[in-house]
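Enquirer: Model the structure of this input:
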Amino acid sequence: MSAAIAFLGILAIILNAIGMAIKDLIKTKILLGTSVLLIIPDLYSSGGMHGVFQSAIIAIMYYIGALEYKKLEKTILYSIPFFSIFLLLGLKEYEGLLLVIASITTPLATISKDSLKMKLLLLASTLSWGTYALLVEAWFAFLFDALGMVALIYFFGQYKREKKAKEMLEKTKDFFQSDN
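Expert: Numbers count the residues shown, from 1 in each chain. Now for the predicted structure:
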């Protein structure tokens with residue numbers, strides 16, 4: 001493994017974890033698109049060609065989602081069934097079946113307008129990609145998804161705490177307004 005692949009892999013892992021953990025949709029999409037591009041050399045060197053092709057397309061989808069081009073987002077949405085069928089028919093390795101699952105959840109995440117829904121879609125996608133990376137022994141890609149999963153858990157914990165805090169604030173507000 002070359003030093004360049006290691007450097008790009010580590011950078012991709014860090015950017016992916018940050019993107020998975022933050023709430024801002026635009027920043028998340030830009031960070032995830034960049035991290036996906038940076039992990040491609042690891043997939044390529046591990047022979048995961050199915051992952052290489054899909055990663056390039058997904059990175060473009062993230063950038064389109066970040067720029068919020070409505071017509072292109074609709075194109076992405078309508079292309080999902082065709083993209084999935086193309087991936088299924090063009091399988092180069094049996095592990096690629098996992099990426100067919102991801103070919104549905106990941107594009108939907110790239111055009112999501114809600115941070116929670118996006119992260120739920122990314123949960124399914126990350127599980128599929130992480131298992132694929134493990135099976136093809138793309139270790140930076142595997143760590144990319146493992147740390148991404150940890151970041152998603154952090155995000156969901158933060159979301160739950162924020163929701164609980166808002167509910168407590170509303171109850172307190174209602175309590176004091178009912179006394180008047």
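
Enquirer: C-alpha only now, for contacts and for neighbours.
Expert: OK.

Enquirer: For the lowest-mean-pLDDT helix or strand in the chain, which residues meet the burial criterion?
Expert: Among the helices and strands of the chain, helix 70-89 carries the lowest confidence by mean pLDDT, DSSP states H and E, at a mean of 77. By neighbour count on 16 or more other C-alpha atoms under 10 Å, the buried set for helix 70-89 is 73, 76, 80, 83-84, 87-88.

Enquirer: Over to stretch 11-31?
Expert: Buried, per 16+ other C-alpha under 10 Å, within stretch 11-31: 11-23, 25-26, 28-31.

Enquirer: What's the end-to-end length of that stretch?
Expert: Terminal residues of stretch 11-31 are spaced 11 Å apart (C-alpha to C-alpha, to the nearest Å).

Enquirer: what are the ranges of the strands in this structure?
Expert: Counting by DSSP state E, the chain has no strands at all.

Enquirer: Go ahead and measure how far the least confident helix or strand of the chain is from the middle of the chain.
Expert: Here the centre of helix 70-89 is set off from its chain's centre by 17 Å, with C-alpha atoms, centre = their mean, to the nearest Å.

Enquirer: One more: stretch 151-159?
Expert: The answer for stretch 151-159 is 14 Å, by C-alpha atoms, centre = their mean.

Enquirer: cool, and stretch 17-24?
Expert: 10 Å.

Enquirer: again with stretch 29-37
Expert: The answer for stretch 29-37 is 9 Å, by C-alpha atoms, centre = their mean.

Enquirer: quick revisit: could the buried residues of helix 70-89 go into TSV alongside distance to E95?
Expert: Listed next are these as TSV, based on distance: C-alpha to C-alpha, whole Å:
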residue	distance to E95
E73	28
I76	24
I80	19
F83	17
S84	14
L87	12
L88	11
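
Enquirer: List the contacts of the residue nearest the centre of the chain.
Expert: When C-alpha atoms, centre = their mean is applied to the chain, the residue found nearest the centroid is L122 (4.4 Å). Applying C-alpha atoms under 8 Å, 6 or more residues apart in numbering to L122 gives the contacts 105-106, 109.

Enquirer: So which elements touch the longest helix seen in the chain?
Expert: Using DSSP state H, we find that the single longest helix of the chain is helix 139-178. Helix 139-178 is packed against helix 3-21, helix 25-45, helix 115-135, with contacts defined by 3 or more C-alpha pairs under 8 Å, 6 or more residues apart in numbering; DSSP states H and E.
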